[in-house]
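Novice: Quick one, fold the following:
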Amino acid sequence: MKNITILLTILILIPISSSLTIYNITLKNQKIYVNVTFSLKSEEKYDVWRISWEIPQEYEIISVSDEVGPVSVNTYPGYIYFETNKLSANERIINVQYFLKNAISKEYDPLNKVSLQLSGFPNEKTIVNVHLPGLISGDASYNFTEYFQNNFAQFVGYGPTDIILYYSFSGREYNNYLLFGPADLTVADEMFSLVINTTGMPKPYRRFPVVVLKDTDFESRIQPWGSASHSRGGLILIKNSVANGPYNASTILHETTHGINAKVLKWNQVEATWFEEGSGSFIEYLANQKLGLKQGELFGENKVIKQGSERIVIKSRGNKEMLWDYYSQGKDFMYYWNPSDDATRDFGYAFSELAIRYSIQKNGIDKIKEAYRKLSQLSETVKDPVKSTNIILSALDSTFMPCYSVDRNKFDQCLKEINEQQLVVPINTTFTSDRGIINETIKIKTTSEEVLKENVVSQVRKKSILAEIAGFIKNLLKSLFQPLYQHFH
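Specialist: Down below sits the predicted model:
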């Protein structure tokens, strides 16, 4: 779930005072085609600009040009080096066009995954426009806003970025999912609003891609435990046995919650995932409750039910004595927990869900929506697990010792009350957007005879960016001696 750290470098042997980078990316000849234009400004005029531009994937250069015309380029593994044509100026516009050879993975064919690592200037704006037929979902690294509409996606932020995208020309369509494999997601699709209405967060893209794997494939390729998994970019992988069992809807909704969390918690750069798993398990609990499916108590008692002549034991999710021991001995490993730890996996899942439901017991179910709203507004990365937990608990107005008491009777009573919860999820959620559409044109003359024009359509979440970018480009173009046109091959 966590974003990959970006380590891209750009070397320009001239002091740069400002820059703007705009990518236009699409699919051509079954390869990813990249057209990047970046503007550069310095305090002084220079005749020649020497630039090293990183492309940390296998690439094939098509052309490099500036305002004067084509530029000779030297290619190396991971980067290109070139010098601009001679022109005394303190502002330059460079255009680089190339193919990425290894950006598309067909591991889950016919679902395709695109991986992009794109250079940008530190602390300077980068706009990435992706036109991709069959686009389904995706994700950009931290500090980038995201916008998805039909076959178009836009990412706006600062500096370099890495992006994951999924696309396909097949799959079984539901309102909220695109299914690949033998299953029926009708119930999960109809219950999708449970996730949206509980968290108060909008759906990040039109559909989540869902791939059904053979149980053995899931265990060997994804993880040897569990029944499903969410991968960055919205991909849900699920075991065949679970996808075709009675708990398929609640499992899918659990993983859908991870997809929402991945957007809300981009700032949360820690390995601990108690909130992610706790909120996902809580949604799963609500779904099972709504569907009337049997599920164990939370740090409660084992249940014995009769089905005909059989007696079925439904085990408690989490051992009550282990929880009492956790508190009595002052343990704190839940600050650092994630489900990869075999020894604490079952306890951790139960404790994480208990932390969510304890907040609800204290504050009501609307507190979850309020917490998500607060967490979605954070703008600084957090890498300390304790600090991360304290931020989340503050949003939940709760404690990380749910049901704790030195009095065993009060401890038991608290757990009993939580297991008797009857929760009603709000039906309606209204979403508002502060996105503003801007239309800008960057023009660059690429040959002496042919001139083509390309519009860069930008969708930016903050309206202030509109004025800033528009003003930057307007002043840049005014300062040049002739119209500059962008050549799009």
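Novice: Quick check: pLDDT value at the residue located most distally from the centre of the chain.
Specialist: For the chain, the C-alpha farthest from the mean C-alpha position belongs to Ser309; by CA atoms, centre = their mean, that distance is 48.6 Å. In the predicted model, Ser309 carries a pLDDT score of 74.
Novice: So Lys290 belongs to a helix, correct?
Specialist: Yes - in this structure, Lys290 lies within a helix as judged by DSSP: H, G, I helix; E, B strand; the rest coil.
Novice: Can you classify Ser63 by secondary structure?
Specialist: Following three-state DSSP, we place Ser63 in the strand state.
Novice: Likewise for the one 4 residues further on?
Specialist: Using three-state DSSP, the structure places Glu67 in coil.
Novice: Hmm, it is touching Lys86, no?
Specialist: No - shown here, Glu67 and Lys86 do not form a contact pair, counting by CB atoms under 8 Å, at 11.2 Å. Backbone N, C-alpha and C define where each C-beta goes, glycine included.
Novice: Who has more neighbours out of these two?
Specialist: Counting neighbours by other CB atoms under 10 Å for Glu67 and for Lys86 shows that Glu67 has the greater number, 23 against 10.
Novice: Could you measure from that one over to Leu87?
Specialist: As defined by CB to CB, to the nearest Å, Glu67 lies at a distance of 7 Å from Leu87.
Novice: Same check on Tyr177?
Specialist: Taking CB to CB as the criterion, Tyr177 is separated from Leu87 by 53 Å.
Novice: Which one's more surrounded, the two?
Specialist: Between Tyr177 and Leu87, Tyr177 has the larger neighbour count (other CB under 10 Å), namely 25 against 17.
Novice: contacting residues for the more buried one?
Specialist: Contacts of Tyr177 were listed using CB atoms under 8 Å, 6 or more residues apart in numbering, and they are Leu185, Ala188, Asp189, Arg207, Phe208, Pro209, Val210, Ile236, Ile252.
Novice: and the closest residue to Tyr142 other than its chain neighbours, how many neighbours?
Specialist: Distances taken as CB to CB, 6 or more residues apart in numbering put Lys266 closest to Tyr142, at 4.7 Å, once the chain neighbours are dropped. By other CB under 10 Å, 22 other residues sit near Lys266.
Novice: Then Ile360?
Specialist: The burial count for Ile360: 18, using other CB under 10 Å.
Novice: That one against Leu423, yeah?
Specialist: Yes - taking CB under 8 Å as the definition, Ile360 is a contact partner of Leu423 at 6.9 Å.
Novice: Show me where the stretch 51-200 of the chain has its helices.
Specialist: Assigned helices in the stretch 51-200 of the chain, in chain order: 186-190, 193-199 (criterion: DSSP state H, counting those that start in this stretch).
Novice: Run the chain-centre distance for the very next helix or strand once past the longest one.
Specialist: Spelled out, it's helix 193-199. Heading C-terminal from helix 193-199, the first helix or strand you meet, by DSSP states H and E, is strand 208-213. On the basis of CA atoms, centre = their mean, to the nearest Å, strand 208-213 is displaced by 17 Å from the centre of the chain it belongs to.
Novice: Averaged pLDDT, the very next helix or strand once past strand 208-213. What do you get?
Specialist: Counting by DSSP H and E, the element after strand 208-213 in chain order, helix or strand, is helix 215-217. For helix 215-217, the mean pLDDT works out to 97.
Novice: Can you name the next helix or strand after helix 215-217?
Specialist: strand 228-231.
Novice: Counting by contacts, list what the helix or strand just after that next one packs against.
Specialist: Remark: after strand 228-231, the chain's next helix or strand is strand 235-239, criterion DSSP H and E. Taking 3 or more CB pairs under 8 Å, 6 or more residues apart in numbering; DSSP states H and E as contact, the helices and strands that strand 235-239 lies on are strand 208-213, strand 228-231, helix 248-264.
Novice: what sits up against the very next helix or strand once past strand 235-239?
Specialist: As assigned by DSSP H and E, the chain's next helix or strand after strand 235-239 is helix 240-243. By CB under 8 Å, 6+ apart, the list of residues contacting helix 240-243 from outside reads Gly181, Pro182, Ala183, Val212, Leu213, Lys214, Asp215, Phe218, Ser227, Ala228, Asn248, Thr251.
Novice: Now list the buried members of the contacts of Tyr177.
Specialist: Among those, those scoring as buried are Leu185, Ala188, Asp189, Arg207, Phe208, Pro209, Val210, Ile236, Ile252 (criterion: 16 or more other CB atoms under 10 Å).
Novice: Asp346 in helix, strand or coil?
Specialist: Classification of Asp346 by three-state DSSP places it in helix.
Novice: what's near enough to touch it?
Specialist: By CB under 8 Å, 6+ apart, the residues touching Asp346 are Arg317, Gly318.
Novice: count of residues packed around the nearest residue to Ile365 once chain neighbours are set aside?
Specialist: Using CB to CB, 6+ apart and skipping residues adjacent in sequence, the residue nearest Ile365 is Leu423, 5.4 Å away. Here the neighbour count serves as a burial measure; for Leu423 (other CB under 10 Å) it reads 15.
Novice: In contact with Leu423, which residues are there?
Specialist: Counting by CB under 8 Å, 6+ apart, Leu423 makes contact with Leu286, Gln289, Ile360, Ile365.
Novice: Over to Asp397?
Specialist: Counting by CB under 8 Å, 6+ apart, Asp397 makes contact with Ser359, Lys362, Asn363, Lys367, Ala371.
Novice: Output the contacting helices and strands for the longest strand belonging to the chain.
Specialist: As assigned by DSSP state E, the longest strand anywhere in the chain is strand 31-46. Secondary-structure packing of strand 31-46 (3+ CB pairs under 8 Å, 6+ apart): strand 18-28, strand 89-100, strand 111-118, helix 463-478.
Novice: Lowest average pLDDT across those?
Specialist: For the helices and strands packed on strand 31-46, the weakest mean pLDDT is recorded on helix 463-478, namely a mean of 42.
Novice: Give the closest residue to the residue nearest the centre of the chain in space, chain neighbours not counted.
Specialist: The residue lying closest to the centre of the chain (CA atoms, centre = their mean) is Asp139, at 4.1 Å. Using CB to CB, 6+ apart and skipping residues adjacent in sequence, the residue nearest Asp139 is Gly233, 4.5 Å away.
Novice: Could you measure from that neighbour over to Gly138?
Specialist: Noted for Gly233: a distance of 5 Å to Gly138, by CB to CB.
Novice: Which residue of the two possesses the greater neighbour count?
Specialist: Comparing Gly233 with Gly138 by other CB under 10 Å, the one with more neighbours is Gly138, at 25 against 22.
Novice: surely that one meets Leu235?
Specialist: No - Gly138 sits out of contact with Leu235 when judged by CB under 8 Å, with a separation of 9.9 Å.
Novice: Between those two, which contacts overlap?
Specialist: Joint contacts of Gly138 and Leu235 (CB under 8 Å, 6+ apart) are Tyr166.
Novice: Mind checking what secondary structure the residue nearest to Tyr142 has?
Specialist: Lys266 falls in the coil class when you classify it by three-state DSSP.
Novice: didn't it look like it was pressed against Glu146?
Specialist: No - contact criterion CB under 8 Å: Lys266 and Glu146 do not qualify, at 9.8 Å.
Novice: Lys28: neighbour count?
Specialist: Neighbours of Lys28 (other CB under 10 Å): 9.
Novice: Just to be sure, Ile391 is in a strand?
Specialist: No - counting by three-state DSSP, one finds Ile391 to be helix, located in no strand.
Novice: the domain parsing of the protein - what is it?
Specialist: Using automatic domain parsing, the domains assigned to the chain come out as 10-105+117-162, 171-264, 271-431.
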